[in-house]
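Undergrad: any chance you could fold what I've pasted below:
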Amino acid sequence: MKTLCVYCGSNSGSKPAYAERAKALGTRIAVFNQGVVEQMGPPVALYEAPQNRFVASFLGSPTMNFIDCTAVGATDDKGTLVDLGQGHRLSVPANGHGAAIDTLGIRPEHVALVEKGQ
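TA: Residues are numbered from 1 along each chain as shown. Down below sits the predicted model:
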């Protein structure tokens, strides 16, 4: 069994490239926040299903974008309807959080521009 330990500490608030190397090389990684393990597991699992905003913002380059929102109800496809403000609403897949949604995290690679009305 090989172990790779990568120190990703920084007081500047910026994430070193080491985080991406750990994600690419490790079979299991742990994300620490001030000495406390926030989440541990396979890199893909942490990237696709981060347990909190800190983990979501730590993994990925470019990092995840966050938008404040308010859950306003359920959708027909068992998702959640969120209000983004200024009259904009969006249906998001169900994730078990339901009414607790107050921030929407979007990874840049999951965004596509489409013609109005599509």
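Undergrad: now the helices: where do they sit in this protein?
TA: Applying DSSP state H to the chain gives helices spanning 18-25, 43-48, 53-58.
Undergrad: and the second one, what does it pack against?
TA: With contacts defined as 3 or more Cβ pairs under 8 Å, 6 or more residues apart in numbering; DSSP states H and E, the packing partners of helix 43-48 are helix 18-25, strand 29-33. The way it works is simple: take the backbone N, C-alpha and C, and place the C-beta from them, glycine included.
Undergrad: same check on the last one?
TA: Contact analysis of helix 53-58 by 3+ Cβ pairs under 8 Å, 6+ apart lists strand 29-33, strand 36-41, strand 65-68, strand 103-106 as its packing neighbours.
Undergrad: pLDDT weak spots in this protein?
TA: Along the chain, the model assigns pLDDT under 70 to residues 1-25, 95-99.
Undergrad: any idea which residue sits dead centre in it?
TA: Residue closest to the mean C-alpha point of the chain, counted by Cα atoms, centre = their mean, is residue 56 at 3.3 Å.
Undergrad: tell me the contacts of that one?
TA: By Cβ atoms under 8 Å, 6 or more residues apart in numbering, residue 56 lies in contact with 50, 64, 66, 105.
Undergrad: before we move on, back to that, in JSON lines: the helices and strands packed on helix 53-58, plus mean neighbour count.
TA: Below are the helices and strands packed on helix 53-58 laid out as JSON lines (neighbours: other Cβ atoms under 10 Å):
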{"stretch": "strand 29-33", "mean neighbour count": "17"}
{"stretch": "strand 36-41", "mean neighbour count": "14"}
{"stretch": "strand 65-68", "mean neighbour count": "12"}
{"stretch": "strand 103-106", "mean neighbour count": "14"}
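Undergrad: tabulate those strands in a markdown table, adding columns for distance to residue 83.
TA: Listed next are those as a markdown table, based on distance: least, Cβ to Cβ, whole Å:
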| stretch | distance to residue 83 |
| --- | --- |
| strand 29-33 | 30 |
| strand 36-41 | 28 |
| strand 65-68 | 10 |
| strand 103-106 | 10 |
